[in-house]
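Novice: Structure for the following, please:
(one chain, ligands or ions: 1)
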Amino acid sequence: MWQLRLSHMSDTLTITDNRTGKIYELPIEQGTIKAMDLRQIRASADDFGLMTYDPAFQNTAACRSAITFIDGDKGILLYRGYAIDDLAERSTFLETAYLILFGELPTAPQLEAWIREITLHTMLHENVKKFMEGFQYDAHPMGILLSTVGCLSTIYPDARRISQEDGRRLQIRRLIAKVPTVAAWAYRHSIGRPYVYPDNDLSFTGNFLNMLFKMTELKYRPHPVLERALDVLFILHADHEQNCSTSAMRAIGSSQADPYSALAGAAAALAGPLHGGANEAVLRMLKEIGTVQRVPEFIRRVKGGDGRLMGFGHRVYKSYDPRARIIKQTADQVFAVTGRNPLLDIALELERIALEDDYFISRKLYPNVDFYSGLIYQAMGFPVDMFAVLFAIPRTAGWLAQWDEMLRDADQKIARPRQVYTGAGRREYIGIDARK
Ligand SMILES: CC(C)(COP(=O)(O)OP(=O)(O)OC[C@H]1O[C@@H](n2cnc3c(N)ncnc32)[C@H](O)[C@@H]1OP(=O)(O)O)[C@@H](O)C(=O)NCCC(=O)NCCS
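Specialist: Numbers count the residues shown, from 1 in each chain. Here you go, the predicted structure:
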């Protein structure tokens, strides 16, 4: 047994170890104690020392970061101190990516140079095209994306020079520019259409739409409302501090792997239905519900433990996800162009009932960013298989910013959590004939 006493006066934590009677004074810095400070607390000389048990890292800060701030209770999201609402209203994705990566909003010449640098890197090596052509005709675009990003590490062996800042910057530019091309080609591949080369006259999102949807016309002209809506969605998804895929990016990067390999791993983490696959799951759920009349029955099932209300709940937000609020406005603008998505009425009714229901209120379950984004993507003509891919494009900026920050952080080492071993004690090897 051991006891804790918090002293706010001296910003220390006093721990009395009842096993030994010893008292320990641990410093508290920025609302944390150092887990390694616990190691000195031992019951005996051969005791390994105290550790924390924190599956899924629910209460462990694994790094210091100056990129994204979230106050989950108040529903606040800031990139480098700027509110997500202001950025969604006034910034562009490439400007926001610059802010996330380099810490400040760019000046006009800096932004111009940044856009030029990204635009210059949108092409893919023809061997990458051949690599992509080898995928099964109906391969999932997310599988194509993450494998192809991994393949890029073989095209750019210089990416292993991660200790040099100029080398890292080059790979950052390449990745931000090339991931949309890979993503668009993954989509074209999955529907059996020829790949479209980048059009560098267009904006970042305009060119992405071009590579997705261009048919036989000589010049693709994106609809300005849809182009801006996608840009806003990209801003909203650019970073979200230490989520599952970002933690994967940092963990893989901590072994000093090249950024393409680390980013392929991050994209793999994003592919799961509890993370980037959630908006795909929302649409499947809405389709399964089918009509507004069936919403109460569905809510009853969820409350009875049969499935989850996808697009609701968040590990960090315990109030309305600020991104969901912005997305709802964007949805109205998109539907004015594309026509209303018939599943919207079901989503609105689900939200209305859930926000009044004690099950959801008491668990602080509110709509998250994925609740409405899938409806917008579908109205814009994207198949559900593409949703996680659309998430990966902007998140590339966040992953890279976090990776770069991790590499510059003197506190960081190769990620290597501890475990509490619960298996068998040492035992004698049994020959195969003697086994029962
Ligand atoms: C996002 C999510 C994984 C966060 O999970 P978490 O922080 O580990 O929360 P928990 O799974 O511990 O859930 C806490 C409680 O709320 C319930 N809950 C959480 N999300 C729920 C949902 N979407 N629908 C119904 N119940 C939900 C859990 O069953 C649990 O209830 P209990 O205390 O009675 O057991 C979870 O809310 C979820 O699965 N949401 C749906 C998927 C989704 O939209 N993901 C996208 C995130 S951006």
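
Novice: any weak-confidence spans in the chain?
Specialist: Low-confidence segments of the chain (pLDDT under 70): 1-10.

Novice: and stretch 82-99, C-alpha only, in PDB?
Specialist: C-alpha atoms of stretch 82-99 as PDB (Å, rounded to 0.1, in the frame of the first residue of the first chain):
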ATOM      1  CA  TYR A  82      -5.100  29.800 -33.500                       C
ATOM      2  CA  ALA A  83      -8.700  28.700 -33.000                       C
ATOM      3  CA  ILE A  84      -9.900  26.100 -35.500                       C
ATOM      4  CA  ASP A  85     -13.000  28.300 -36.200                       C
ATOM      5  CA  ASP A  86     -10.800  31.200 -37.400                       C
ATOM      6  CA  LEU A  87      -8.600  29.000 -39.500                       C
ATOM      7  CA  ALA A  88     -11.600  27.300 -41.100                       C
ATOM      8  CA  GLU A  89     -13.100  30.700 -41.900                       C
ATOM      9  CA  ARG A  90     -10.000  32.600 -43.000                       C
ATOM     10  CA  SER A  91      -7.100  30.300 -43.800                       C
ATOM     11  CA  THR A  92      -6.400  27.700 -46.500                       C
ATOM     12  CA  PHE A  93      -5.200  24.200 -46.000                       C
ATOM     13  CA  LEU A  94      -1.600  24.900 -47.300                       C
ATOM     14  CA  GLU A  95      -1.300  28.000 -45.100                       C
ATOM     15  CA  THR A  96      -2.600  26.000 -42.100                       C
ATOM     16  CA  ALA A  97      -0.100  23.200 -42.900                       C
ATOM     17  CA  TYR A  98       2.700  25.700 -42.900                       C
ATOM     18  CA  LEU A  99       1.500  27.000 -39.500                       C
END
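
Novice: Buried residues of it, list them for me.
Specialist: For stretch 82-99, the neighbour count (16 or more other CB atoms under 10 Å) marks 82, 84, 87-88, 91-99 as buried. C-beta: built from backbone N, CA, C; applies to glycine.

Novice: again, but for stretch 411-429
Specialist: Gln412, Ala415.

Novice: Check stretch 284-304 too.
Specialist: Those would be Met285, Leu286, Ile289, Val295, Phe298, Ile299, Val302, for stretch 284-304 by 16+ other CB under 10 Å.

Novice: doesn't Ile346 make contact with the fourth one?
Specialist: Same thing as Val295. Yes - proximity of Val295 to Ile346 meets the contact threshold set by CB atoms under 8 Å, at 6.3 Å.

Novice: Common neighbours of these two, please.
Specialist: Listed contacts common to Val295 and Ile346 are Ile289; contacts here mean CB atoms under 8 Å, 6 or more residues apart in numbering.

Novice: so can I have TSV of the buried residues of stretch 284-304 showing distance to Asn59 and secondary structure?
Specialist: TSV is the format used below for the buried residues of stretch 284-304 (distance: CB to CB, whole Å; DSSP: H, G, I helix; E, B strand; the rest coil):
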residue	distance to Asn59	secondary structure
Met285	30	helix
Leu286	34	helix
Ile289	35	helix
Val295	35	helix
Phe298	33	helix
Ile299	31	helix
Val302	27	helix
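
Novice: Val225: which of the residues you listed is nearest?
Specialist: Ranked by distance to Val225 (CB to CB), the buried residues of stretch 284-304 are led by Leu286 at 23.3 Å.

Novice: how much distance is there from stretch 193-213 to the middle of the chain?
Specialist: What separates the centre of stretch 193-213 from the centre of its chain is 24 Å, taken as CA atoms, centre = their mean, to the nearest Å.

Novice: got the end-to-end distance for that stretch?
Specialist: 10 Å (CA to CA, to the nearest Å).

Novice: For it, buried residues please.
Specialist: Buried, per 16+ other CB under 10 Å, within stretch 193-213: 195-199, 202-213.

Novice: so Leu375 touches Leu343, yeah?
Specialist: Yes - if you go by CB under 8 Å, Leu375 and Leu343 touch, sitting 6.0 Å apart.

Novice: Now the common contact residues for the two.
Specialist: Leu283, Leu286.

Novice: so who does the closest residue to the ligand within the stretch 301-436 of the chain touch?
Specialist: Using CB to the nearest ligand atom, the closest approach of the stretch 301-436 of the chain to the ligand is made by Gly313 at 2.4 Å. Gly313 sits next to Arg363, Leu365, Tyr366, Asn368 when contact means CB under 8 Å, 6+ apart.

Novice: Buried subset of the residues you listed, written for PyMOL?
Specialist: Buried members of those, defined by 16+ other CB under 10 Å, are picked up in PyMOL with:
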select buried, resi 365+366+368
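
Novice: Serialize the contacts of Gly313 to CSV and add fields for distance to the ligand and secondary structure.
Specialist: Listed next are the contacts of Gly313 as CSV, based on distance: CB to the nearest ligand atom, whole Å; DSSP: H, G, I helix; E, B strand; the rest coil:
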residue, distance to the ligand, secondary structure
Arg363, 4, coil
Leu365, 5, coil
Tyr366, 10, coil
Asn368, 4, coil
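
Novice: Check the contacts of Gly313 against Ile70 and report the nearest one.
Specialist: Asn368 (12.3 Å).

Novice: need the contact list for the closest one.
Specialist: Ala278, Gly311, Phe312, Gly313, His314, Tyr317, Asp321, Arg323, Ala324.

Novice: Looking at these, which are in helices?
Specialist: In this view, these that belong to helices under DSSP state H are Ala278, Arg323, Ala324.

Novice: Can you get me a residue count around the first one?
Specialist: Spelled out, that is Ala278. Residues lying near Ala278 (other CB atoms under 10 Å) number 26.
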